[in-house]
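J.: below is the sequence, then the predicted model.
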Amino acid sequence: MQVGSPASARAHDCKHLADAVREAGALALQSFGGQFKSWTKHGDSPVSEVDIALDQLLRKRLVDQTTDDGWLSEESENDPARLTKRRVWIVDPIDGTRGFIAGRPDWSISAALVEDGRPAVAAVFAPATDELFVAVAGVGATRNGAPIAVNADAGLEGARIAGPKRRLDAIAARHPRIVPVPKIYSLALRLVRVAQGELEAAMAGPNGHDWDLAAADLLVHEAGGMLTSLDGKPLTYNQPNPVHGVLVAAGRERHSTLLDLVRAHQRDFS
């Protein structure tokens, strides 16, 4: 429920969201590393009974009937009514399900409140490492309560970059001194590592969805960075087709450098 001024309403939404993803994370950890049912859905994408349980929990916690908020989740049937809503919760109950099933730590719970097409409040929680990243538009981003910021340098030499191997190979062919980072299964967590300065840049291949991106997008921007498509424009969420193309995330100056490189050799990065 929204209360008071817009600023206090967003602070309320942020606390509400943080509590919800922590609760979902505690539920996920009860099964992590153990036995649970999993299967393959459309697009050869894995899903587990834990994904479904978290989806149900988060929807129950986040969709307040008094606000008429919309809902978009990887594990829920698409409801076209969301397109008529100003406020929409966009959620991936487990981002990086392959990692979760494999017992790896690089999975996360990603959730954002989107208003008029852009994230206003966001949380990415990595339960296996107990890292909670939250952001509020215009206020900043934190990890476990401490402010975070992107690496503000401009160059690519020595830059730690995560992304699909083929795209990293294409960058390394032109800048052999970059430091490719092994695959991070959760795309949201991959982008958040840029927000906290653990990575200098990250790329996402085509077919990233709103639920993979919305929360991390706000975290990157509030930490002083940029996440854009190859046209350099910010992403718009809650569209009829919630799928995006190749994306680049980095601090503002490095983002420009990396974007110029990708554009110059776009065929290698498509």
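T.: Everything's here; your move.
J.: the stretch 51-200 of the chain: helices as residue ranges?
T.: 97-102, 165-174, 187-195 (DSSP state H, counting those that start in this stretch).
J.: would JSON lines of those with mean neighbour count be doable?
T.: Every residue, glycine included, has its C-beta placed from N, CA and C. Putting the helices of the stretch 51-200 of the chain into JSON lines (neighbours: other C-beta atoms under 10 Å) gives the following:
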{"stretch": "helix 97-102", "mean neighbour count": "20"}
{"stretch": "helix 165-174", "mean neighbour count": "15"}
{"stretch": "helix 187-195", "mean neighbour count": "28"}
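J.: could you tell me the least trusted of these?
T.: Among the helices of the stretch 51-200 of the chain, helix 165-174 has the lowest mean pLDDT, at a mean of 89.
J.: run the chain-centre distance for it.
T.: Distance of helix 165-174 from its chain centroid, counting by C-alpha atoms, centre = their mean, to the nearest Å, is 23 Å.
J.: in stretch 56-66, which residues are buried?
T.: Neighbour-count burial for stretch 56-66, counted by 16 or more other C-beta atoms under 10 Å, picks out L57, L58, R59, R61, L62.
J.: the first one contacts A26, correct?
T.: Think L57. No: counting by C-beta atoms under 8 Å, L57 sits too far from A26 to count as a contact (10.0 Å).
J.: in the stretch 1-150 of the chain, which spans are strands?
T.: Assigned by DSSP state E, counting those that start in this stretch, the strands in the stretch 1-150 of the chain fall at 38-41, 45-48, 70-73, 87-95, 108-115, 118-126, 131-136, 140-143, 146-147.
J.: quick one: average pLDDT of the first one?
T.: Within the predicted structure, the mean pLDDT of strand 38-41 is 94.
J.: ok, the shortest one next?
T.: When pLDDT is averaged along strand 146-147, the result is 98.
J.: surely A18 is in contact with L132?
T.: Yes: in this structure, A18 is within contact of L132 by C-beta under 8 Å, at 6.4 Å.
J.: what does the pLDDT read for H265?
T.: 73.
J.: what of the one 5 residues further on?
T.: Looking at S270, its pLDDT reads 60.
J.: can you pull out the low-pLDDT segments for the stretch 101-250 of the chain?
T.: Along the stretch 101-250 of the chain, no part satisfies pLDDT under 70.
J.: overlap of the contact sets of A18 and L132?
T.: The contact sets of A18 and L132 overlap at A123 (C-beta atoms under 8 Å, 6 or more residues apart in numbering).
J.: follow-up on the earlier one: turn the helices of the stretch 51-200 of the chain into TSV, including distance to A204.
T.: Converted to TSV, the helices of the stretch 51-200 of the chain look like this (distance: least, C-beta to C-beta, whole Å):
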stretch	distance to A204
helix 97-102	16
helix 165-174	9
helix 187-195	6
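J.: S8: which of these is closest?
T.: Counting by C-beta to C-beta, S8 lies closest to helix 187-195 out of these; the figure is 24.6 Å.
J.: name the helices or strands packed onto the closest one?
T.: With contacts defined as 3 or more C-beta pairs under 8 Å, 6 or more residues apart in numbering; DSSP states H and E, helix 187-195 has these neighbours: strand 87-95, strand 108-115, strand 118-126, strand 201-204, helix 210-222, strand 225-229, strand 247-251.
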